[in-house]
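> Here is my input, please return the structure:
(4 chains)
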There are 4 protein chains.
Amino acid sequence: MSISTLPLNSGLTAPLKPVVRTCEESSMIIVMRHDATSKQIADVVAKVESKGLRVHISRGEERTIIGVIGDDRPIDRTQFEVLDGVEKTVPILRPFKLASREMHPLDTLVPLDGLKVGGPQIAVIAGPCSVESREQILETAFAVKEAGAAALRGGAFKPRTSPYSFQGLGEKGLELLAEAREATGLPVVTEAMSPEQVPLVARYADVIQIGARSMQNYALLNTAGESGRTILLKRGMMSTIEELLMSAEYIMAQGNSRVILCERGIRTFERYTRNTTDINAIPVIKQLSHLPVILDPSHGTGKWEYVAAVSRAAIAAGADGLIVEVHPHPEEALSDGAQSLRPEKFAQLVKEIGRVAEAVGRDC
Amino acid sequence: MSISTLPLNSGLTAPLKPVVRTCEESSMIIVMRHDATSKQIADVVAKVESKGLRVHISRGEERTIIGVIGDDRPIDRTQFEVLDGVEKTVPILRPFKLASREMHPLDTLVPLDGLKVGGPQIAVIAGPCSVESREQILETAFAVKEAGAAALRGGAFKPRTSPYSFQGLGEKGLELLAEAREATGLPVVTEAMSPEQVPLVARYADVIQIGARSMQNYALLNTAGESGRTILLKRGMMSTIEELLMSAEYIMAQGNSRVILCERGIRTFERYTRNTTDINAIPVIKQLSHLPVILDPSHGTGKWEYVAAVSRAAIAAGADGLIVEVHPHPEEALSDGAQSLRPEKFAQLVKEIGRVAEAVGRDC
Amino acid sequence: MSISTLPLNSGLTAPLKPVVRTCEESSMIIVMRHDATSKQIADVVAKVESKGLRVHISRGEERTIIGVIGDDRPIDRTQFEVLDGVEKTVPILRPFKLASREMHPLDTLVPLDGLKVGGPQIAVIAGPCSVESREQILETAFAVKEAGAAALRGGAFKPRTSPYSFQGLGEKGLELLAEAREATGLPVVTEAMSPEQVPLVARYADVIQIGARSMQNYALLNTAGESGRTILLKRGMMSTIEELLMSAEYIMAQGNSRVILCERGIRTFERYTRNTTDINAIPVIKQLSHLPVILDPSHGTGKWEYVAAVSRAAIAAGADGLIVEVHPHPEEALSDGAQSLRPEKFAQLVKEIGRVAEAVGRDC
Amino acid sequence: MSISTLPLNSGLTAPLKPVVRTCEESSMIIVMRHDATSKQIADVVAKVESKGLRVHISRGEERTIIGVIGDDRPIDRTQFEVLDGVEKTVPILRPFKLASREMHPLDTLVPLDGLKVGGPQIAVIAGPCSVESREQILETAFAVKEAGAAALRGGAFKPRTSPYSFQGLGEKGLELLAEAREATGLPVVTEAMSPEQVPLVARYADVIQIGARSMQNYALLNTAGESGRTILLKRGMMSTIEELLMSAEYIMAQGNSRVILCERGIRTFERYTRNTTDINAIPVIKQLSHLPVILDPSHGTGKWEYVAAVSRAAIAAGADGLIVEVHPHPEEALSDGAQSLRPEKFAQLVKEIGRVAEAVGRDC
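Numbers count the residues shown, from 1 in each chain, chains lettered A, B, ... in the order given. Model prediction:
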């Protein structure tokens, strides 16, 4: 027993609560009975829309689920539970709605040319950090095509920390990418850095990349969503998984659900690698969301020596694909040379991940 | 002594080098002799510009310094050292040039109405997270004016993690800010989130804020630089001090040196506070750069209870000012209520930092 | 409205809950009525102890508070609420109990020679990282004494990342510290790195330091607690504020409440400084706990140039003191030279923090 | 061109250098010629030892390498280069020496019962967080044995953040582990938390675990090294890879090279998982060191749902094994229930990693 003497007139300090963000509880799913009729479903949808709420319908083999998204005000669920054909309503407690697996239980498949990203086949996207010249991009495109890549990546507009660094070839780079697509048949993935660039990039690209530094550039997310193009959304280098899904929600709220998520490493105190690949993010995203997720081992590690190991890990963990930096002459690259693979190393990598894909019931 | 047997045919593994970013060594300062003539200075400038390099001149009482910024290629300094009137040339090894103290040894003072940010007087900017209504912004403006604030903050365009959250009043919010300025005489600080918003925001605002999530939105930085308005540049929650200065460099490279930097807390593993205020950043920035730096204790802590303590710390550490969230009714705020001060607490805060300012040889 | 077709036999995925640590709800405070008699208080204590629970009594001017700490099982509070003289019982929801301000509302003052750490006077502890020689420690001791330090720090046992680095002078270093105390009258703060070292260190030191790497060395915490000596507990570079308070709880659970907490910087992605000083921790700890807290600006920044600014910030934020590395010849120091102040810089620092202390209603 | 006027009497600020830790350059390897005789090698060793330096010999098929480790003073390499049979000397620039691949180019194999950790076969260590009862540990031991585990883990001494939490069964727990070994034939891995516990734990355990919070408990590392037992060294939750290897160096400097490294997740800002598994660490450690490295997916994620995915990733990335928490009734576990697998899930996991191991040319 310990005793101390004190004047108590100060009263007791109110307890401090940890900082918590409240989720908007303004969304729900309506689970229809398995024998609900089309008329009943239509009536429920009409009722929801009459309240000014947005509707997202998933028609399953056994039953239909109606997702409902409102604004900031809470939805009164009881008014929907009494409708004919409704089995129950369930609030969506997470802040992301359209991106959540609750609203869309099955995996979304995003078409990339012939391949469906999110399906059994692994999607490997490869190419240089920046488009530097006609020779460089064509040489790389043919090489990655031959090695088995499903798409060509290459930056025409480059986000650079320094205003004095190479900023990319701009529209000239887009034209070269289009030429490489023409020559090889590979669909093209390239970044748009601002809303104004979106129409231009959309004219040339099959997939518009939103880079890590732009993950919370909401004007860009909205414009990218409106473009209707497939979007490759990279996680910010210090953004949470939840924030990544919220940014996907911005794109999907524009009616565009062709979103591929990308883990590319986060910032930590560790200094041997440029970033720390968050491998946990793969199963976490698979659980929280129906969207496909790929991994960028080049930025995730920052060193080409580690790219193969981390690529194999990504596929083993359940990633739907990879985006890998490949350069025919890394020592001469204008950006990211240290983390770029030579074509022959990339070909070797594709073989290795093919074996791992098979081991987890997929193919490459 | 320990012994192990091994076949050595594998050779020795090449040592791994830590990942290092190379600085562009494409800039220098030319230090003129103290007796250099205007003609000699002009000749040096002409020579530099003839090489396609950019020039920044600092005319001191004792001598003139000519800053030179090139592109990615190294500058041959010897060709300038032989010119008449040149004492020596010094390479600028840091990646930021215009923002560096090497190029501009004395503190830059940025005018904010009567006050000069970066000078002896502390600048306190205060107001609500978002402009919510005419009553709210006017009530707050009068309250912070009376308490001693030098400027009014308030968001009209709000970057929100969720697309379903309140996104700000938009242009209506800007009009209300202008009305509050009219009524109180306080200059107005408000955020632009995308390049397209810059001309609109510039029409209403005295200072354009670049928010933490936009710190590496390079298109926005360029447009903000071109606007000629004073820019309040907030550090990204995931950005290094060096990256903050590189983003300032983007703005300054457009010819705009009216840049106020703002430390607003970074992300760490600590969970009792929303962010970790990086107080070290204040003396570090003061050493590396000539630009003024203020601190945002509201985002830095995420809890109004800690705002006063961290505000006092900022001033004691040498910050040139504060930007503080104040709301007349925090419990009803549409955003950031938990970290907003009531007006009476804010008035108390201003008194406290006045005493600390005096203790470090400044005033408030 | 968007529609997708899917087989629903997979069912809905169970929602993922964020990882939450549960607090042990096995402690409470019993608030006695203001007119409770000594007999009633004694009866309540007897009842509590009869249940095998531990008791901590705070006798205030107005009323007495009885803190109760159990084991992992929940306490049935109703059985105590019915006792004579009891006004109410309140559960302590935080995991730290003895260290919490709920159990002990007023500030604890820890004596350090004449001074009381946690009271109005700022405690400045200064000295070299390591004791290196008789000359070095005596020269430093006299210098910091003259500048106004309240205690002398110096490591005899040094935790070093490398087994090949200087590990400290060991007991010889302790003898030199004792000699310096004899000569200057300054109490001595020095580190114990393992339970076995505690008795030896306790023989020489006034305050036993538990270093950052040892913050969760529970055997050491227990032994340090048993020693009865004042303990300076440094926050781990990777530890949350809550974990720091839990480690204080280990010491206090041994009946030793002479604990001084120390913020010394945490690890983040920022690379210009060795650590990131968590200035938020000062007001957070003051709110959560009654224990005094000081700050180590030398480790917090890793560079002597920033020590003065961050020291002033600490005092302005409400810290009860500082622990500063001072070396007569930093360029020759066997450890931590880059972050050590010369004596004349230290003397200047003490003057500066004296002025800041006065500005916040304290003295130095 | 921009111009500003300023008095230059303040001079130029000295440039700030990033904080860099210097490596001790007091070690080297002596590469002997391929035709060096035993006599020549012995003479070189004698010469090295006569200087008070320590020797580590690797006899390869083609040539012999003599590692030399000194104290803080630089070694004069020229005096060794002139000796007969010496081809060249190479300084070891990294701070870790005995643990570095430079000094020991081939993989070290650490025996664990029949298995060799670091060889082709994957080592799976499994068992409960804490030994809780005879029934629990025996049931788990038989289950993990049947599923294919190579060793049994279980804590008898538990490092707990709270002094009020279950601290483990102590020696009783060790006895139960020994009984489980007797019954199943599985070698036992269990933690020692302080130097005094090492002899006791060494009496019962096949492998002594050094936990994450003890990674820089140098007294413990030294005692564990002296014990001669195999050591499982877990990375601290906020320790760099380099620091992990430096802690291994402490153990090896005691003459004990039976060290298994373990990546177990680091602290980051991400909050959906308890820690962030640093998958990059696997190839980085394999490149830097010859020691085997395993991964702990249970602590790395903190949620059993993610354990299988991250386990597969670890093996795909090149880890030599796993340490997995398994509990027959996770909902009743006294610690870490949320991250423990049920035995049937564990059996499934072993099958999955067997397939991945095969895909990367190993077996399980």
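
> Look up the closest residue to A:Thr268, ignoring the ones flanking it.
A:Thr276 (4.4 Å; C-beta to C-beta, 6 or more residues apart in numbering or on different chains). For the C-beta atoms, the positions are set from N, CA and C on the backbone; glycine is no exception.

> Revised request: answer the last question for A:Gly67.
A:His56 (3.7 Å).

> ok, the helix or strand harbouring the one you found: who's next to it in the sheet?
Using DSSP states H and E, A:His56 sits within strand A:54-59. Strand pairing for strand A:54-59, determined by DSSP bridges: strand A:64-69 (antiparallel), strand C:2-5 (parallel).

> What is the next helix or strand after the longest one packed up against?
Which is strand A:64-69. Sequence-wise, the next helix or strand downstream of strand A:64-69 (DSSP H and E) is helix A:78-81. Applying 3 or more C-beta pairs under 8 Å, 6 or more residues apart in numbering or on different chains; DSSP states H and E, one finds that helix A:78-81 contacts helix A:38-50, strand A:86-91.

> Stretch A:189-199 vs chain B: in contact?
Yes. Against chain B, stretch A:189-199 shows contacts by C-beta under 8 Å from any C-beta of the partner chain at A:Met193, A:Ser194, A:Pro195, A:Glu196, A:Gln197.

> When you filter the residues you listed down to buried only, what's left?
A:Met193, A:Ser194, A:Pro195, A:Glu196, A:Gln197 (16 or more other C-beta atoms under 10 Å in any protein chain shown).

> ok, the residues you listed vs chain B, which is closest?
Using C-beta to the nearest C-beta, A:Ser194 comes nearest to chain B of those, at 3.6 Å.

> Return the distance of the closest one relative to B:Ala143.
38 Å (C-beta to C-beta, to the nearest Å).

> cool, A:Thr301 as well?
From A:Thr301 to B:Ala143 the distance is 52 Å (C-beta to C-beta).

> How about A:Glu242?
Taken as C-beta to C-beta, the span from A:Glu242 to B:Ala143 is 35 Å.

> for the stretch 251-364 of chain A, what spans make up the helices?
A:281-288, A:297-301, A:307-317, A:343-359 (DSSP state H, counting those that start in this stretch).

> Give me the contacts around the first one.
Helix A:281-288 has contacts (C-beta atoms under 8 Å, 6 or more residues apart in numbering or on different chains) with A:94, A:96, A:100-101, A:235, A:241, A:244-245, A:261, A:263, A:291, A:293, A:295, A:314, A:317-319, C:13, C:16, D:270, D:272-273, D:301, D:305-306, D:309-310, D:313.

> Return it as CSV; C-alpha atoms alone will do.
Output in CSV follows, covering the C-alpha atoms of helix A:281-288 (Å, rounded to 0.1, in the frame of the first residue of the first chain):
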residue,chain,number,x,y,z
ALA,A,281,-1.6,-5.3,-48.2
ILE,A,282,-2.3,-8.0,-50.7
PRO,A,283,-4.4,-10.3,-48.5
VAL,A,284,-5.9,-7.3,-46.7
ILE,A,285,-7.1,-5.7,-49.9
LYS,A,286,-8.4,-9.0,-51.2
GLN,A,287,-10.5,-9.3,-48.0
LEU,A,288,-11.8,-5.7,-48.0
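
> nearest spatial neighbour of A:Leu186, skipping sequence neighbours?
A:Leu152 (4.3 Å).

> Just to check, that neighbour is in contact with A:Pro187?
Yes. Judged on C-beta atoms under 8 Å, A:Leu152 makes contact with A:Pro187 at a distance of 7.2 Å.

> ok, A:Val350 touching A:Gly148?
Yes. Between A:Val350 and A:Gly148 there is a contact under C-beta under 8 Å: 4.4 Å.

> higher neighbour count, the two?
A:Val350 (20 against 17; other C-beta atoms under 10 Å in any protein chain shown).

> Quick one: residues contacting that one.
Contacts of A:Val350 by C-beta under 8 Å, 6+ apart are A:Val124, A:Ala147, A:Gly148, A:Ala149, A:Cys364.

> and the contacts of helix A:281-288 near chain B, which?
Among those, chain B is touched by A:Phe96 when using C-beta under 8 Å from any C-beta.

> Next up, the contacts around A:Lys97.
Taking C-beta under 8 Å, 6+ apart as the test, what A:Lys97 contacts is A:Ser27, A:Gly67, A:Ile69, A:Met103, A:Glu249, B:Tyr164.

> so which of the residues you listed is the most crowded?
Busiest of the contacts of A:Lys97 [other C-beta under 10 Å] is A:Ser27, holding 28 neighbours.

> so what's that residue up against?
Neighbours of A:Ser27 in contact, by C-beta under 8 Å, 6+ apart: A:Gly67, A:Val68, A:Ile69, A:Gly70, A:Ile75, A:Pro91, A:Ile92, A:Lys97, A:Met103, B:Tyr164.

> Lowest pLDDT pick from these?
Least confident of the contacts of A:Ser27 in the model: A:Gly70, at 76.

> What separation do you get for it and chain D?
25 Å (C-beta to the nearest C-beta, to the nearest Å).
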